[in-house]
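Participant: please work out how this folds:
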Amino acid sequence: MLNKFKNIYVLAPHTDDGELGAGGTISKLIELGANVYYFAFSTAEKSVPDGFPKDILKTEVLNATKKLGIPKENVIIYNYEVRKLNYARQEILEDLIKHRKELQPDLVLMPSLNDIHQDHSTIAYEGLRAFKNTTILGYELIWNNLTFDTTSFVKLDKNHIQAKSDALKEYKSQGKRDYMSEEFIFSLAKARGVQIGSEYAESFEVIRFVF
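Facilitator: Next up, the predicted model:
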């Protein structure tokens with residue numbers, strides 16, 4: 001089933017969200033020959049810790065997505081202000097519509113509609129508006145999800161989860177957040193795998209499925 005998706009858009013409110021929510025699936029899609037584009041809408045310059053260049057996340061996201069196999073030219077980085085994406089809803093919608101016209105994707109991966117972070121919610125709802133005729137899956141960020149319906153799963157192998165973990169290790173400016181640790185990444189993938197009788201998996205909410 002995953003083979004049918006050839007052109008995929010990953011919508012990441014901030015650099016690292018796409019890897020956290022769908023890194024293993026991205027790795028598998030690329031392994032299957034899919035063309036994956038990654039859109040980061042904020043490099044969170046105002047949140048970068050002291051001691052790092054303000055634009056460090058631009059470098060880190062390119063390094064991280066490279067670990068997953070995404071070509072540099074397929075990583076599009078915007079610089080909307082962190083925690084204020086909701087003030088730029090129309091501009092973001094226009095960005096998404098422009099990219100929809102450039103390459104009609106057959107799959108969009110984006111935050112869950114139940115994600116309570118204001119930036120994540122903005123990208124989720126503008127993504128829903130922009131890609132009305134496209135299959136959309138909402139990825140899981142359990143620390144932000146008020147609720148999450150595990151309505152679809154992608155079976156993954158250890159190498160896919162390892163690629164996800166290795167990608168997240170590139171975000172050295174983000175310190176040692178619990179949800180970035182290799183232990184957590186593998187534990188969640190293992191738990192989702194148990195639900196479907198697989199060694200590892202990532203789960204997604206089905207927002208829209210186009211047959």
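Participant: ok, residue 41 - contacts?
Facilitator: 11-14, 78, 80, 85, 92, 119, 123 (C-beta atoms under 8 Å, 6 or more residues apart in numbering). The C-beta positions use only the backbone N, C-alpha and C, and glycine is treated the same way.
Participant: which of those residues fall within helices?
Facilitator: Among the contacts of residue 41, DSSP state H puts 92, 119, 123 in helices.
Participant: who wins for neighbours among the residues you listed?
Facilitator: With neighbours defined as other C-beta atoms under 10 Å, the most crowded of the ones in helices among the contacts of residue 41 is residue 123; it has 27 neighbours.
Participant: confirm residue 202 sits in a strand?
Facilitator: Yes: counting by DSSP: H, G, I helix; E, B strand; the rest coil, residue 202 is found in a strand.
Participant: so what's it bridging to?
Facilitator: residue 154 (DSSP bridges).
Participant: most remote residue from the middle of this structure, which is it?
Facilitator: Among residues of the chain, the one most distant from the C-alpha centroid is residue 51; the distance is 26.7 Å, by C-alpha atoms, centre = their mean.
Participant: for it, give its distance to residue 109.
Facilitator: Noted for residue 51: a distance of 32 Å to residue 109, by C-beta to C-beta, to the nearest Å.
Participant: the chain: strands as residue ranges?
Facilitator: For the chain, the strands defined by DSSP state E cover 7-14, 35-42, 75-77, 107-111, 135-139, 152-156, 200-208.
Participant: name the helices or strands packed onto the fifth one?
Facilitator: Applying 3 or more C-beta pairs under 8 Å, 6 or more residues apart in numbering; DSSP states H and E, we find strand 135-139 packed against helix 17-31, strand 107-111, helix 118-130, strand 200-208.
Participant: and it, how far out from the chain's middle?
Facilitator: How far strand 135-139 lies from its chain's middle: 10 Å, per C-alpha atoms, centre = their mean, to the nearest Å.
Participant: related to what we said a few turns ago, the helices and strands packed on strand 135-139: which one's closest to residue 72?
Facilitator: Residue 72 lies closest to helix 17-31 among those, at 13.6 Å (C-beta to C-beta).
Participant: keeping just the C-alphas, turn the closest one into PDB.
Facilitator: Extracted in PDB, the C-alpha atoms of helix 17-31 (Å, rounded to 0.1, in the frame of the first residue of the first chain):
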ATOM      1  CA  ASP A  17       8.700  18.100  14.000                       C
ATOM      2  CA  GLY A  18       8.600  16.100  10.800                       C
ATOM      3  CA  GLU A  19      11.400  13.700  12.000                       C
ATOM      4  CA  LEU A  20       9.800  13.300  15.400                       C
ATOM      5  CA  GLY A  21       6.400  12.500  14.000                       C
ATOM      6  CA  ALA A  22       7.200  10.600  10.900                       C
ATOM      7  CA  GLY A  23      11.000  10.000  10.600                       C
ATOM      8  CA  GLY A  24      10.800   6.200  10.300                       C
ATOM      9  CA  THR A  25       8.000   6.400   7.700                       C
ATOM     10  CA  ILE A  26      10.000   9.000   5.700                       C
ATOM     11  CA  SER A  27      13.000   6.700   5.700                       C
ATOM     12  CA  LYS A  28      10.900   3.800   4.500                       C
ATOM     13  CA  LEU A  29       9.100   5.900   1.800                       C
ATOM     14  CA  ILE A  30      12.500   7.000   0.400                       C
ATOM     15  CA  GLU A  31      13.700   3.400   0.500                       C
END
